[in-house]
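Novice: sequence? don't have it. structure:
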């Protein structure tokens, strides 16, 4: 029986020799991401910015130029149009109007009237409105969700491993989140609630990869008590490399199918997830494990205490 694998079952790659290069690369990407976020910012969707979103379908190919001319003279502020998947599917964004719900509904009615004058048979797939209060609450909820997830994982890792593992895992998570934010900023993919879901999913995927590597490191700390720590970390990463790569590749195949065939609605989510899987895999190997050297991971401590307690129990019996 022929068995095909992307990575040999046993590799001997000296990962720790590349840690300085990885830290420099990650530092550059993180600073660039923060700069992009503070500079051009995110392309916030209607969930966070507030406003009116109308998706329409025309009988034939949509004439975006004609539609822009018709809507541009309505005095509704910024109006953006883009094809949304098919050539007859158009997404219209209208700036949030001053006033309460009646003002927003009046803007929607004005848009419909202008469109129907030149596009008989036009259909409305969806009409959404998010006010400033709601969008502000969504921003707070999104930030709270991400922060809660990171803190909860910090506590989990701290209880399961030594504190160095906990700090290393959380720093790797922050690294992944910051680089994902930079990805949204530079690609101008709309940042909405689906994007927050993507970030939370990336956090979960990344911590899962990191825990697998950390588990093997802890096992090898007990098994190879005389091996230099740098060599032990490289050995642990090599031990889990086949599993890490196969998991990432199969996940990427599924996400690629969603990206190319899932339609425009989930394309941004799929793109963010593809980026997140790549970055999460990279950080588990080149960031989370090497950080243990910087944080001063010690062989003795909890593991030795547990062994001593077991030995004491055996002697008592």
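Specialist: Received, thanks. Quantities reported herein were computed from a predicted structural model and do not represent experimental measurements.
Novice: List the residues that contact the spatially closest residue to residue 42 that is not a sequence neighbour.
Specialist: Using C-beta to C-beta, 6 or more residues apart in numbering and skipping residues adjacent in sequence, the residue nearest residue 42 is residue 191, 4.2 Å away. To be clear about C-beta, it is placed using only N, CA and C from the backbone, and glycine gets the same treatment. Counting by C-beta atoms under 8 Å, 6 or more residues apart in numbering, residue 191 makes contact with 42-45, 48, 184.
Novice: Save the residues you listed as a markdown table, and put in pLDDT and neighbour count too.
Specialist: Shown next, in a markdown table, are the contacts of residue 191 (pLDDT from 0 to 100; neighbours: other C-beta atoms under 10 Å):
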| residue | pLDDT | neighbour count |
| --- | --- | --- |
| 42 | 87 | 18 |
| 43 | 85 | 16 |
| 44 | 80 | 17 |
| 45 | 75 | 21 |
| 48 | 76 | 20 |
| 184 | 93 | 25 |
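Novice: can I get these in CSV with distance to residue 216 and secondary structure?
Specialist: Putting the contacts of residue 191 into CSV (distance: C-beta to C-beta, whole Å; DSSP: H, G, I helix; E, B strand; the rest coil) gives the following:
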residue, distance to residue 216, secondary structure
42, 37, coil
43, 40, coil
44, 41, strand
45, 40, coil
48, 40, helix
184, 33, helix
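Novice: Kindly indicate which of those residues lies nearest residue 163.
Specialist: Checking the contacts of residue 191 against residue 163 with C-beta to C-beta, the nearest one is residue 184 at 31.8 Å.
Novice: Does that closest one touch residue 195 like I think?
Specialist: Yes - between residue 184 and residue 195 there is a contact under C-beta atoms under 8 Å: 6.4 Å.
Novice: Need the overlap of contacts for those two.
Specialist: With C-beta under 8 Å, 6+ apart as the test, residue 184 and residue 195 both reach residue 272.
Novice: Where in this structure is the helix or strand with the lowest mean pLDDT?
Specialist: Within the chain, no helix or strand scores below helix 302-316, which has a mean of 54 by mean pLDDT, DSSP states H and E.
Novice: Can you name the next helix or strand after the host helix or strand of residue 176?
Specialist: Assigned by DSSP states H and E, residue 176 belongs to helix 163-187. Following helix 163-187 in sequence order, the next helix or strand is helix 193-223 (DSSP H and E).
Novice: Any buried residues in stretch 90-101, and which?
Specialist: Under the neighbour-count criterion of 16 or more other C-beta atoms under 10 Å, stretch 90-101 has 90-94, 96-97 buried.
Novice: What of stretch 221-228?
Specialist: residue 221.
Novice: swap in stretch 68-86?
Specialist: If you call a residue buried by 16+ other C-beta under 10 Å, then stretch 68-86 has these buried ones: 70-71, 76, 79, 81, 84.
Novice: Other residues contacting it?
Specialist: Contact partners of stretch 68-86, identified using C-beta under 8 Å, 6+ apart, comprise 55, 62, 64, 67, 89-97, 107, 110-111, 114-115, 117-118, 263-265.
Novice: next one: it to chain centre, how far?
Specialist: 30 Å (C-alpha atoms, centre = their mean, to the nearest Å).
Novice: Spell out which residues make up each domain of this structure.
Specialist: Following automatic domain parsing, the chain resolves into domains at 15-43+135-304, 51-130.
Novice: Lowest average confidence across these, which one?
Specialist: Ranked on mean pLDDT, the bottom entry among these is domain 51-130, at a mean of 83.
Novice: measure it end to end?
Specialist: Domain 51-130 has an end-to-end distance of 6 Å (C-alpha to C-alpha, to the nearest Å).
Novice: can you give me the offset of it from its chain's centre?
Specialist: Domain 51-130 sits 31 Å away from the centroid of its parent chain (C-alpha atoms, centre = their mean).
Novice: ok, now how distant is residue 175 from residue 97?
Specialist: Separation of residue 175 from residue 97 (C-beta to C-beta, to the nearest Å): 40 Å.
Novice: what residue lies at the spatial centre of this protein?
Specialist: Closest to where the C-alpha atoms of the chain average out (C-alpha atoms, centre = their mean) is residue 199, at 3.1 Å.
Novice: Tell me which stretches of the stretch 1-150 of the chain form helices.
Specialist: 19-39, 46-49, 64-72, 101-118, 132-160 (DSSP state H, counting those that start in this stretch).
Novice: my guess is residue 119 contacts residue 58, does it?
Specialist: Yes - counting by C-beta under 8 Å, residue 58 is a contact partner of residue 119 at 5.5 Å.
Novice: what sits against the closest residue to residue 186 other than its chain neighbours?
Specialist: The shortest distance from residue 186 to any non-neighbouring residue, by C-beta to C-beta, 6+ apart, is to residue 36 (5.6 Å). Counting by C-beta under 8 Å, 6+ apart, residue 36 makes contact with 182, 185-186.
Novice: which of these count as buried?
Specialist: Among the contacts of residue 36, those buried by neighbour count (16+ other C-beta under 10 Å) are 182, 185.
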